[in-house]
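Enquirer: Quick one: sequence plus predicted model below, questions after.
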Amino acid sequence: MKARHAPERVVAVVPVKSLATAKTRLSGTLVAAERGRLMLWMAERVVRTLRTLRTSGRIAHIAVVTPDPYVLSWAQEQGAIPLWQPHEGLNRGLELARAWSVERRADALLVTGEGAVVLAPDRDERGTNLLLMRPPALLPFSFGAESFARHMAISRSIAGEPLVFHAPGMAFDVDTPDDLAELEARGLWRRSPSPQWGTPPPADTLASAMEGAAHG
């Protein structure tokens, strides 16, 4: 009789910047509060999809890593584990989340199929919109401008040729005024007459989120 293997513990991590500094390349088009609202709208769509995967048993946990106290509270409301990031920086936050997942004996970070590394570039194949790896500590993070080429090179040097995943929904990002115009033209998002990203959470809710993030 064949031995049954325990299911893998796959952890999904969603990094969210401080809302006050979100989407700065759109600063000539949207005010800061509206950029923060756009960032939360995009993050909510990602977390909602991940919740479906968690319900189906394909992933074990969803974590949101952020330096923004408001986003920590928001993450709890979304059913995600809030991870407090004491310093700004996307790669810093992801390294913190990676350490958290390894401590909890995760087998993978957002990995599907048999490949050790899966990369999804933006439509210009310059940025990295999704990075999946098995095991969680396999590759260093190198997000930022022109990150797709760097992640490809890092994967080839450490883990071999990565699987590159192309999908219209995954390739589309909102970084420039033209991207924003396309998003609005698709009817997916519209500007608010009085932009804000939400009502500040009560002090006790915020304290609870901070305490939960500190203890993981």
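Expert: Sure, I can see it.
Enquirer: residue ranges of the strands in the chain, please?
Expert: Along the chain, counting by DSSP state E, strands occupy 10-15, 61-66, 81-84, 108-109, 117-121, 128-133, 163-164.
Enquirer: of all those, which lies closest to residue 91?
Expert: Among the strands of the chain, strand 10-15 comes nearest to residue 91, with 9.1 Å by Cβ to Cβ. C-beta here means a position set from N, CA and C on the backbone, and glycine is covered the same way.
Enquirer: Which strands and helices lie in contact with that closest one?
Expert: The contact analysis (3 or more Cβ pairs under 8 Å, 6 or more residues apart in numbering; DSSP states H and E) places strand 10-15 against helix 32-55, strand 61-66, helix 90-103, strand 108-109.
Enquirer: and residue 70, what pLDDT?
Expert: Per-residue pLDDT puts residue 70 at 93.
Enquirer: since we're on it, how many residues are nearby?
Expert: Counted by other Cβ atoms under 10 Å, the residues lying close to residue 70 total 21.
Enquirer: quick one: low-confidence ranges for the protein?
Expert: Applying pLDDT under 70 to the chain flags the ranges 1-8, 110-116, 194-216.
Enquirer: go again using 80 as the cut-off
Expert: The chain contains residues with pLDDT under 80 at 1-8, 107-116, 134-135, 159-161, 163, 167-170, 193-216.
Enquirer: okay but residue 159 is in contact with residue 138, surely?
Expert: Yes - contact between residue 159 and residue 138 holds when scored by Cβ atoms under 8 Å: they sit 5.8 Å apart.
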